[in-house]
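S.K.: just a sequence and a predicted model for now, questions to come.
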Amino acid sequence: MVNLILFGPPGSGKGTQAKKLVEKYGLLHISTGDLFRYEMGNDTPLGKKAKSFIEKGELVPDEVTIGMLRNKVEANPEVPGYIFDGFPRTIAQSQVLDELMNEKNTSISTLLMLEVPDVEIINRILERGKTSGRADDLDENIIQNRIDVYKNETTPVFDYYEAQQKADKIDGVGSIEEIFDRLSTKVEERM
Ligand code: AMP
């Protein structure tokens, strides 16, 4: 199996690149942001719990997020590998993910971080907000909060996987194809 974590700030292109990686390598894409939006769209109890955090650009508490992620992985056992997008975002989530992979006799192959400067991120998200239907993409204060949360709470995840010699940085500025080529090269090094 090859199990990837696509990492990087909001608006760094993780979702776009994940879709292309799915086409090329046949992996299962798991985006916790997409899972939350599905739950909110259906007004489920989980969606209701997540909504107030997402609207502020805060992290949804680990106990909610981890249970949802575990269910999704366990519901899809027969896949050639996973692409985790937007997860893990805390050290606790990273530890659970490693345990979950271990239970399946596999492990995280690599974490790839897309690096994009703040100004470009804000512009990309505001542009996406015109069509994404996401309230958290429309308000510059919420976007800034998401960036701050990424820097303060999520970047330790990079160090966690770097200590396992699994983390790599990729220049996330350029055309979609250029960035995809950079990612593919790194993925194939780990296959
Ligand atoms: P995303 O689509 O990945 O930008 O996620 C949108 C929002 O969902 C984030 O701003 C968080 O509020 C929430 N979220 C997504 N993934 C996670 C996670 N792994 N841990 C906590 N909150 C998350």
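M.R.: Received it, and whenever you're ready, just let me know what you need. Residues are numbered from 1 along each chain as shown.
S.K.: what does this structure have sitting close to the ligand?
M.R.: 10, 32-33, 36, 53-54, 57-60, 65, 86-87, 89, 93, 136, 146 (C-beta under 6 Å from any ligand atom). In short, each C-beta sits where N, CA and C put it, glycine included.
S.K.: pull out the buried members of those.
M.R.: By neighbour count, with 16 or more other C-beta atoms under 10 Å, the residues of the chain next to the ligand hold 10, 32-33, 36, 54, 57, 59-60, 65, 86-87, 89, 93, 136, 146 as buried.
S.K.: measure Tyr25 to Ile179 for me?
M.R.: According to C-beta to C-beta, to the nearest Å, Tyr25 and Ile179 sit 16 Å apart.
S.K.: more neighbours: which of the two?
M.R.: A side-by-side neighbour count of Tyr25 and Ile179, using other C-beta atoms under 10 Å, places Ile179 first with 21 against 16.
S.K.: wait, is the more buried one part of a helix?
M.R.: Yes - membership of Ile179 in a helix is supported by DSSP: H, G, I helix; E, B strand; the rest coil.
S.K.: check the protein for the residue nearest the ligand and tell me.
M.R.: Residue nearest to the ligand within the chain: Gly33 (2.0 Å; C-beta to the nearest ligand atom).
S.K.: which residue is the nearest non-sequential neighbour of that residue?
M.R.: Gly86 (4.6 Å; C-beta to C-beta, 6 or more residues apart in numbering).
S.K.: Ser12 is in contact with that neighbour, correct?
M.R.: No - using C-beta atoms under 8 Å, Gly86 is not in contact with Ser12; the gap is 10.6 Å.
S.K.: residue ranges with poor pLDDT in this structure?
M.R.: The model of the chain has no residue with pLDDT under 70.
S.K.: which stretches in it count as helices?
M.R.: With DSSP state H as the criterion, the chain has helices at 14-25, 32-41, 45-56, 62-74, 91-103, 118-132, 140-149, 156-162, 176-189.
S.K.: tell me what the longest one is packed against?
M.R.: With contacts taken as 3 or more C-beta pairs under 8 Å, 6 or more residues apart in numbering; DSSP states H and E, helix 118-132 sits against helix 140-149.
S.K.: please point out which parts of the helix it packs on sit buried.
M.R.: Counting neighbours by 16+ other C-beta under 10 Å, helix 140-149 gives Ile142, Ile143, Asn145, Arg146, Ile147, Val149 as buried.
S.K.: over to stretch 93-110?
M.R.: Buried residues in stretch 93-110, counting neighbours by 16+ other C-beta under 10 Å, are found at Gln93, Ser94, Val96, Leu97, Asp98, Leu100, Met101, Ile108, Ser109, Thr110.
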